[in-house]
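Asker: Task: produce atomic coordinates for the following.
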Amino acid sequence: MDGLLAIGLPVIFVDSLTMGKSVDVVQAANREGMKEATLHLLRTTVGPLAFVGSRVSPQEGTPHRERLEGFRDAHRELARELREDYLFFEWVDLLGGGKAGRKILDLDPRPTGVVCSDDDLAHGVLDVLQAAGIEVPAEVSLVGFGNAVHSRGVVPSLTTVAMDIATMGKRAVELLEQRIKQPGTAPVAVAVPTNLILRQSTPLPTTLSHVRLTPASPASRPAGDCSAENRRNP
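Answerer: Numbering: from 1, shown residues only. Predicted coordinates for the structure are as follows:
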């Protein structure tokens with residue numbers, strides 16, 4: 001990367017660390033998306049909530065840090081207690097989620113919801129909860145981030161925050177074209193809105209006036225739409 005920048009080639013970062021570089025970046029609205037997901041759990045469960053993030057979540061400038069801050073923002077907005085001992089940071093994969101899940105089993109009181117900064121982490125947590133005989137979402141609700149392919153296929157299907165990958169790619173190309181034409185302009189940061197997709201791993205809101213009930217692909221949903229997918233067809 002340093003070599004590309006050193007010879008003057010335009011570089012666009014997409015949903016990643018800029019590592020202190022003065023470059024254009026396109027990101028999902030990670031903080032806002034996670035805040036929306038956390039608000040959903042805070043409004044549909046009694047709490048407390050646990051958070052499972054990446055090992056880089058505490059580091060400034062990472063997408064996972066933004067998601068952690070969104071979790072905190074939601075608690076502040078509703079004046080709900082956030083317990084620091086209910087925050088866990090692991091490698092972002094099934095094993096990391098499973099490790100966090102086993103720690104969550106030891107919490108007292110047990111959280112009524114778990115917010116994960118990636119679907120792989122959520123999948124790992126789900127496996128551990130189910131192995132322990134804990135019903136999702138009857139006893140513990142679960143939210144992921146990313147709308148990975150497996151988030152729809154697991155049982156129960158996973159409520160998740162979907163990133164608008166198509167729009168992010170389009171905006172990255174636009175920034176690249178602009179950077180080629182105007183190489184001396186200041187770096188630009190673009191945040192693309194996310195979509196909260198409600199599935200079987202969380203309760204539906206008590207009022208559905210703001211929720212779209214017809215299934216739709218993430219690419220077809222308008223930015224910021226909160227969609228509840230058909231629960232009989234996870």
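
Asker: Ignoring the adjacent residues along the chain, who's closest to residue 37?
Answerer: Distances taken as CB to CB, 6 or more residues apart in numbering put residue 143 closest to residue 37, at 4.7 Å, once the chain neighbours are dropped. Bear in mind the C-beta positions are built from the backbone N, C-alpha and C, glycine included.

Asker: pretty sure that neighbour contacts residue 203?
Answerer: No: here residue 143 does not reach residue 203: they are 11.3 Å apart, not a contact under CB atoms under 8 Å.

Asker: who has more neighbours, these two?
Answerer: Between residue 143 and residue 203, residue 143 has the larger neighbour count (other CB atoms under 10 Å), namely 30 against 17.

Asker: In the sheet, which residues pair with that one? Tell me.
Answerer: residue 115, residue 159 (DSSP bridges).

Asker: The residue lying closest to residue 118 once chain neighbours are set aside and residue 100, how far apart?
Answerer: What sits nearest to residue 118 in space, not counting adjacent residues and going by CB to CB, 6+ apart, is residue 92, at 4.8 Å. As for residue 92, its distance to residue 100 is 11 Å (criterion: CB to CB, to the nearest Å).

Asker: Can you pull the residues that touch both of those two?
Answerer: residue 121 (CB atoms under 8 Å, 6 or more residues apart in numbering).

Asker: mean confidence for stretch 174-192?
Answerer: Per-residue pLDDT over stretch 174-192 has a mean of 86.

Asker: Please tell me how far residue 75 sits from residue 16.
Answerer: 27 Å.

Asker: Looking at those two, which has the bigger crowd around it?
Answerer: Set side by side, residue 75 and residue 16 show more neighbours around residue 75, with 20 against 12, by other CB under 10 Å.

Asker: Just the buried residues of stretch 33-48, please?
Answerer: 33-42, 44-45, 47-48 (16 or more other CB atoms under 10 Å).

Asker: do stretch 174-192 as well
Answerer: Those would be 175, 179, 190-192, for stretch 174-192 by 16+ other CB under 10 Å.

Asker: Which secondary structure elements does the longest helix seen in the chain sit against?
Answerer: Longest helix of the chain, by residue count under DSSP state H: helix 165-181. Under the contact definition 3 or more CB pairs under 8 Å, 6 or more residues apart in numbering; DSSP states H and E, helix 165-181 sits against strand 12-14, strand 24-28, strand 189-192.

Asker: chain center to the next helix or strand after the longest one: distance?
Answerer: Spelled out, that is strand 24-28. Sequence-wise, the next helix or strand downstream of strand 24-28 (DSSP states H and E) is helix 30-44. Here the centre of helix 30-44 is set off from its chain's centre by 9 Å, with CA atoms, centre = their mean, to the nearest Å.

Asker: shouldn't residue 132 be in contact with residue 105?
Answerer: Yes: between residue 132 and residue 105 a contact is recorded at 5.7 Å, counting by CB under 8 Å.

Asker: before we move on, the earlier item: could you report the distance from the residue nearest to residue 37 to residue 197?
Answerer: 10 Å.

Asker: Give the intersection of the neighbour lists for those two.
Answerer: Common neighbours of residue 143 and residue 197 (CB under 8 Å, 6+ apart) are 159-161.

Asker: And the helices in this structure?
Answerer: 2-6, 30-44, 63-77, 94-105, 119-131, 149-153, 165-181.

Asker: Kindly state which of those is positioned closest to residue 113.
Answerer: helix 30-44 (3.9 Å; CB to CB).

Asker: rewinding a little: from the buried residues of stretch 174-192, pick the one nearest residue 80.
Answerer: Using CB to CB, those come closest to residue 80 at residue 191, 25.2 Å.
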